[in-house]
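Visitor: no letters, just coordinates:
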């Protein structure tokens, strides 16, 4: 199996750096071929702009992106990341939860790599939410947060961690076709959790990748009407919010 890990943390001596190394070592021990995009080490350009494209007179950014994709004029660093995704069987995003989302450098990776023609298209016929370009691949998030597990529960002050990760797991990974495994969440990082327990949990999750069922997100092509609304009767009674989009 080929695994590509996209990693975002600026400190080489951080808990995240140790977990990245642990993940790579564990995966390689399981026979995976592992590639890593260490975004800070790469000095990844985090801003999607017209510099990502070849010469263009198109002033509409989305259209210019699509034109560049069709002509093969996407900048080389973006092409390299897209190639890594296409070659991978498993894509792992690892990051600390900052202000309820990914670090800006990883958001910039989303914006630039999942460009028009690769990650999305303005066309209404473009396959998405379970049927995108990366269909057939698996994905997983490894996230650390300083908040305790109770803070990230259904009644926690930070909100349920599954809700916080929904835009990333459903809106980015599943949108582009990947089957998304439940996340590895390291809560209380840096003050509550014991490192030995953290690494044990991470290794166990990685060792059981093939047996882990993906989150049952609903496919756009099967569960939604022409207005992209969930078909009646598909949800358990009383279900609301993000949970509507997960089959029970």
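Guide: Cool, the structure landed. It should be emphasised that the depicted structure is a prediction, and the values quoted were computed from it without experimental measurement. Numbering: from 1, shown residues only.

Visitor: the longest helix anywhere in the chain packs against which elements?
Guide: As assigned by DSSP state H, the longest helix anywhere in the chain is helix 15-29. Applying 3 or more Cβ pairs under 8 Å, 6 or more residues apart in numbering; DSSP states H and E, one finds that helix 15-29 contacts strand 2-7, strand 33-38, strand 90-96, strand 138-144, helix 195-207. C-beta: built from backbone N, CA, C; applies to glycine.

Visitor: what's the following helix or strand after the third one?
Guide: Pointing back at strand 90-96 there. Using DSSP states H and E, the helix or strand that follows strand 90-96 in sequence is helix 104-113.

Visitor: for that following helix, buried residues please.
Guide: Judged by neighbour count using 16 or more other Cβ atoms under 10 Å, the buried positions of helix 104-113 are 105, 106, 107, 108, 109, 110, 112, 113.

Visitor: in the lowest-mean-pLDDT helix or strand in the chain, what counts as buried?
Guide: Among the helical and strand segments of the chain, the one scoring lowest on mean pLDDT, DSSP states H and E is helix 61-71, with a mean of 90. Within helix 61-71, the residues scored as buried using 16+ other Cβ under 10 Å are 64, 65, 66, 67, 68, 69.

Visitor: name the SS class of residue 155, please.
Guide: Here residue 155 takes the coil state, with states given by DSSP: H, G, I helix; E, B strand; the rest coil.

Visitor: state the number of residues packed around it.
Guide: 8 (other Cβ atoms under 10 Å).

Visitor: quick check: pLDDT value at it.
Guide: Predicted confidence (pLDDT) for residue 155: 87.

Visitor: try residue 88
Guide: 98.

Visitor: low-confidence regions, the chain specifically.
Guide: 190-193 (pLDDT under 70).

Visitor: now the residue of the chain positioned farthest from its centre, what are its backbone angles?
Guide: Here the centre of the chain is the reference, and by Cα atoms, centre = their mean the most remote residue is residue 57, at 32.3 Å. When read as degrees, to the nearest 10, the backbone of residue 57 gives phi -100, psi 0.

Visitor: just how off-centre is stretch 5-20 within its chain?
Guide: 16 Å (Cα atoms, centre = their mean, to the nearest Å).

Visitor: could you do stretch 202-210 as well?
Guide: 18 Å.

Visitor: do the same with stretch 177-188
Guide: Taking mean C-alpha positions (Cα atoms, centre = their mean), stretch 177-188 and its chain are 9 Å apart.

Visitor: circling back: could you tell me the angle between the longest helix of the chain and strand 138-144?
Guide: Counting by axes from the mean of the first three to the mean of the last three Cα atoms, to 10 degrees, helix 15-29 points 150 degrees away from the direction of strand 138-144.

Visitor: got the angle between helix 15-29 and strand 90-96?
Guide: Here helix 15-29 runs at an angle of 160 degrees relative to strand 90-96 (the same axes, to 10 degrees).

Visitor: list the contacts for residue 18?
Guide: If you count contacts by Cβ atoms under 8 Å, 6 or more residues apart in numbering, residue 18 has them with 195, 199.

Visitor: residue 24 versus that one, what's the distance?
Guide: From residue 18 across to residue 24, the span is 11 Å (Cβ to Cβ, to the nearest Å).

Visitor: then residue 72?
Guide: Taking Cβ to Cβ, one finds residue 72 at 32 Å from residue 24.

Visitor: so for these two, which sits in the more crowded spot?
Guide: When residue 72 and residue 24 are compared for neighbours, residue 24 comes out ahead with 19 against 8, by other Cβ under 10 Å.

Visitor: wait, that one sits on residue 5?
Guide: Yes: counting by Cβ atoms under 8 Å, residue 24 does reach residue 5; the two are 6.9 Å apart.
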